[in-house]
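Novice: coordinates only, sequence not included:
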């Protein structure tokens, strides 16, 4: 479904895409790095507008978003293409290949989200990299807002400031991958730049709810000093930004062994020195609960589906406010 792209400039017969920091200069009838934006007769056209590779009604925690309407569900949609080339990509079948898709117009996506039920709060743009679906997300998010639905992006954060700032007023929450806190990793493993991702986190945190995910890969981005630097930087923005460390498993072009559990536990303890909320993913349910940062009281038990927060979303023991956006869609339990 061809659609003229936003954010490009003509240069003779070529076009320069200005959506992400790669600023690809695209010759006639060629695509940029992400494979979805093509120069057609001097116009930059998106080839994935309305092309949906998958959709599902997911728990909000699956995004992962632990402090945004906890316990709710969200209608999740994705396309194909990516402006990174991560050697460890977890969704390479749609990010780096050309999967089958179904046409899903913005109005149809919103209608499906409205009908989804089961405490659905909105639409998540996820699975592949949503920023390369920019025009579709902008159009869909605008319609979703009219239906009082929330808009959520799960993204690598590799987008220029101008397009991001135009989109942010329509976005309620983002989970941004900070894939490592060292620049060589980004260049060698992802074909990207760490500083541009940091800029996205900083801009987004001024406008919407933000959580951050880092996939820990043995020997690549799992040193204690690097984890401390990541946590300190996030704390300098807001110590209540939730940080998720996820366990790596061999995938796509990377065959290193899975991340040891001890590495994630070390990362958890290190990051908790600077941040109020730290979580572990892909570790058999460990590290998923929310605790009061002031006194350590269990607040949300995601294994049992219990919330111990007061009706005012405070710790039941010390009355410290719990940094959560929206109501908690879990059954209330007594400590």
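Specialist: The structure has been received and is ready for your questions. A quick note: this is a predicted structure, and the numbers were derived from the prediction, not measured.

Novice: drop to CA atoms for contacts and neighbour counts, all remaining ones
Specialist: Noted.

Novice: residue 226: what secondary structure?
Specialist: helix (DSSP: H, G, I helix; E, B strand; the rest coil).

Novice: how far does stretch 181-200 sit from the chain's center?
Specialist: Its chain's average C-alpha position is 16 Å from that of stretch 181-200, according to CA atoms, centre = their mean, to the nearest Å.

Novice: endpoints of it, how far apart?
Specialist: Start-to-end span of stretch 181-200 (CA to CA, to the nearest Å) is 14 Å.

Novice: list the buried residues in it.
Specialist: 181-182, 185-186, 189-190, 192-194, 196-200 (16 or more other CA atoms under 10 Å).

Novice: where exactly do the helices run in the stretch 151-300 of the chain?
Specialist: 161-167, 183-185, 194-205, 224-237, 261-271 (DSSP state H, counting those that start in this stretch).

Novice: run through who's touching the first one.
Specialist: Spelled out, it's helix 161-167. 7, 19, 138, 199-200, 203 (CA atoms under 8 Å, 6 or more residues apart in numbering).

Novice: dump these into TSV; add distance to residue 251 and pLDDT as well.
Specialist: Converted to TSV, these look like this (distance: CA to CA, whole Å; pLDDT from 0 to 100):
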residue	distance to residue 251	pLDDT
7	33	97
19	28	98
138	31	98
199	28	98
200	27	98
203	31	98
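
Novice: among the residues you listed, which pair sits farthest apart?
Specialist: 138 and 199 (20.5 Å; CA to CA).

Novice: now do the buried residues in the least confident helix or strand in the chain by mean pLDDT.
Specialist: Lowest on mean pLDDT, DSSP states H and E among the helices and strands of the chain sits helix 92-95, with a mean of 86. Of all the residues in helix 92-95, those buried under the rule 16+ other CA under 10 Å are 92, 94-95.

Novice: now do the strands in the stretch 51-200 of the chain.
Specialist: Listed in chain order, the strands of the stretch 51-200 of the chain (DSSP state E, counting those that start in this stretch) span 51-52, 54-59, 73-78, 102-103, 120-125, 150-155, 173-177.

Novice: centre of the chain to the fourth one, how far?
Specialist: Using CA atoms, centre = their mean, the mean C-alpha position of strand 102-103 is found 23 Å from that of the whole chain.

Novice: pLDDT on it, on average?
Specialist: Mean pLDDT, computed over strand 102-103, is 96.

Novice: which secondary structure elements does it contact?
Specialist: strand 51-52 (3 or more CA pairs under 8 Å, 6 or more residues apart in numbering; DSSP states H and E).

Novice: columns distance to residue 154 on top of the contacts of helix 161-167, output as CSV?
Specialist: Converted to CSV, the contacts of helix 161-167 look like this (distance: CA to CA, whole Å):
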residue, distance to residue 154
7, 21
19, 17
138, 15
199, 16
200, 13
203, 15
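
Novice: closest to residue 261 out of these?
Specialist: With CA to CA as the yardstick, the closest approach to residue 261 among those comes from residue 200, at 29.7 Å.

Novice: and the closest residue to the closest one other than its chain neighbours, how many neighbours does it have?
Specialist: In space, and not counting its chain neighbours, residue 200 is closest to residue 157: 5.6 Å by CA to CA, 6 or more residues apart in numbering. Neighbours of residue 157 under the rule other CA atoms under 10 Å: 25.
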